[in-house]
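**Q** need a 3D model of the sequence below.
(chains A and B)
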Amino acid sequence: MIAADLLVAQNVGFGIISLLMIVGALRVVTVNNVVHAALWLVIVLSGAAAQYLLLSAEFVAITQVLVYVGAVMVLFLFGTMLTRARIGAESDLNNKNWALGIPVALLMLGVMSYVIIDGFGDERLIENPGEMTPIPVQVISDDIFGPYLLPFWALSFVLLVAVIGAIVLARKD
Amino acid sequence: MLTTQFLLLGAVLFCIGVYGVLARKNAVMVLMSIELILNSVNINLLAFSVRHGSVDGNTFALYIIAIAAAEVGVGLAMVLLIYRNRRTIALDDLSEMKG
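**A** Down below sits the predicted model:
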């Protein structure tokens, strides 16, 4: 049953994209150059957008490209350039206890994988993948401005406070 | 497509992000690792959205993207402030609040 699933084109796409994402994520946390790490992060974020498309979430995928790949990456590159004189590789990006992170991450990965595989096994995401239709933006907006209106308001305040806070923090005087 | 494959991808990205947060000293790199963690959560939310045939996962993913943008804005402003006051953004050097 799993072998038959692997033949579906969606699964091939998923495999290629997730391989790219995992390699990119590993490079983000291991590379010795902040600008290169930001560029590897672009690959991971674009891969995530592609995965959202596979999950038929078009609006979220486009928002991901606009907000993350567009705005957040520019912020990161500005932050990098404003906080350091040199752009090249440097050796002291890691803690002195950086090796402790490996067992912690592997332990978490082991526990999470065990729980996920134990809980979901080879259950299909959707019985008939051909029935997956893109979610219209109208449905999402009905959801945002209907049952989730209060979180939306809270989110607007969070954004306002974040903008004001960023200006106050970064102001020179 | 199986549910497990998306959840496992999310778990792998999450753990790589946790490793980055623990191992990196540079504040900008820590913020990048946090972005990895937030993205892995988004993948999980959208997978469950498809699995339950509901739009709520999409809504939450959009909210998380907005929160992440706010977090990066404030985080980088703080990093700039720290850099202006101390000429370094190494997190190991910020130890005033250590007990």
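**Q** okay, CA-based contacts and neighbour counts for the rest of this
**A** Noted.
**Q** tell me the domain boundaries of chain A?
**A** A:2-91, A:136-173 (automatic domain parsing).
**Q** could you give the mean pLDDT of the first one?
**A** With pLDDT averaged residue by residue, domain A:2-91 scores 86.
**Q** how about the helices in chain A?
**A** A:2-6, A:9-30, A:34-54, A:58-63, A:73-83, A:101-120, A:137-144, A:149-170 (DSSP state H).
**Q** so how far is A:R27 from the closest residue to B:I34 other than its chain neighbours?
**A** Nearest non-adjacent residue to B:I34, counting by CA to CA, 6 or more residues apart in numbering or on different chains: B:G17, 6.2 Å away. Separation of B:G17 from A:R27 (CA to CA, to the nearest Å): 11 Å.
**Q** what does B:M32 give?
**A** Counting by CA to CA, the gap from B:M32 to A:R27 is 12 Å.
**Q** of those two, give the one with the bigger neighbour count.
**A** Higher neighbour count among B:M32 and A:R27: B:M32, with 25 against 19, using other CA atoms under 10 Å in any protein chain shown.
**Q** where's the more buried one, which helix or strand?
**A** Using DSSP states H and E, B:M32 falls within helix B:27-52.
**Q** which neighbouring elements make contact with that helix?
**A** On a contact count with 3 or more CA pairs under 8 Å, 6 or more residues apart in numbering or on different chains; DSSP states H and E, helix B:27-52 meets helix A:9-30, helix A:34-54, helix A:73-83, helix B:3-23, helix B:56-86.
**Q** what is the burial count for residue 18?
**A** Since you didn't name a chain, this refers to chain A. 23.
**Q** that's the wrong chain, I wanted chain B
**A** Using other CA under 10 Å, B:V18 is surrounded by 23 other residues.
**Q** show me what contacts it?
**A** A:101, A:105, B:33-34, B:37 (CA atoms under 8 Å, 6 or more residues apart in numbering or on different chains).
**Q** select from those the one having the most neighbours.
**A** Counting neighbours by other CA under 10 Å, B:S33 leads the contacts of B:V18 with 28 neighbours.
**Q** what residues are up against that one?
**A** Neighbouring residues of B:S33 by CA under 8 Å, 6+ apart: A:28-29, B:16-18, B:20-21.
**Q** CSV for these, including distance to B:S49?
**A** Converted to CSV, the contacts of B:S33 look like this (distance: CA to CA, whole Å):
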residue, distance to B:S49
A:V28, 28
A:V29, 29
B:I16, 24
B:G17, 23
B:V18, 25
B:G20, 28
B:V21, 28
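**Q** mark which of those residues are buried, thanks.
**A** Neighbour-count burial (16 or more other CA atoms under 10 Å in any protein chain shown) is assigned, among the contacts of B:S33, to A:28-29, B:16-18, B:20-21.
**Q** the residues you listed: which two are farthest apart?
**A** Longest distance between any two of these is 12.0 Å, between A:V28 and B:V18; criterion CA to CA.
**Q** pLDDT below threshold where in chain B?
**A** Scanning chain B for pLDDT under 70 picks out B:99.
**Q** how close does the most centrally placed residue in it get to B:I65?
**A** Among the residues of chain B, the one closest to the centroid is B:I34, at 2.4 Å (CA atoms, centre = their mean). Between B:I34 and B:I65 the distance, using CA to CA, works out to 12 Å.
**Q** out of the contacts of B:S33, who's nearest A:A71?
**A** Distances from A:A71 to these, taken by CA to CA, are shortest for A:V28, at 18.3 Å.
**Q** how about the contacts made by A:A9?
**A** If you count contacts by CA under 8 Å, 6+ apart, A:A9 has none.
**Q** kindly apply the preceding question to A:M132 instead.
**A** Neighbouring residues of A:M132 by CA under 8 Å, 6+ apart: A:56, A:126.
**Q** with the one 4 residues further on instead?
**A** When contacts are counted by CA under 8 Å, 6+ apart, A:P136 touches A:F59.
**Q** go again using 10 Å as the cut-off
**A** A:P136 is in contact with A:56-59, B:55, counting by CA atoms under 10 Å, 6 or more residues apart in numbering or on different chains.
**Q** now do A:Q51
**A** Neighbouring residues of A:Q51 by CA under 10 Å, 6+ apart: A:13-14, A:17-18, A:21, A:45, A:57, A:61, B:6, B:43, B:46-47.
**Q** alright, that wraps it up for me.
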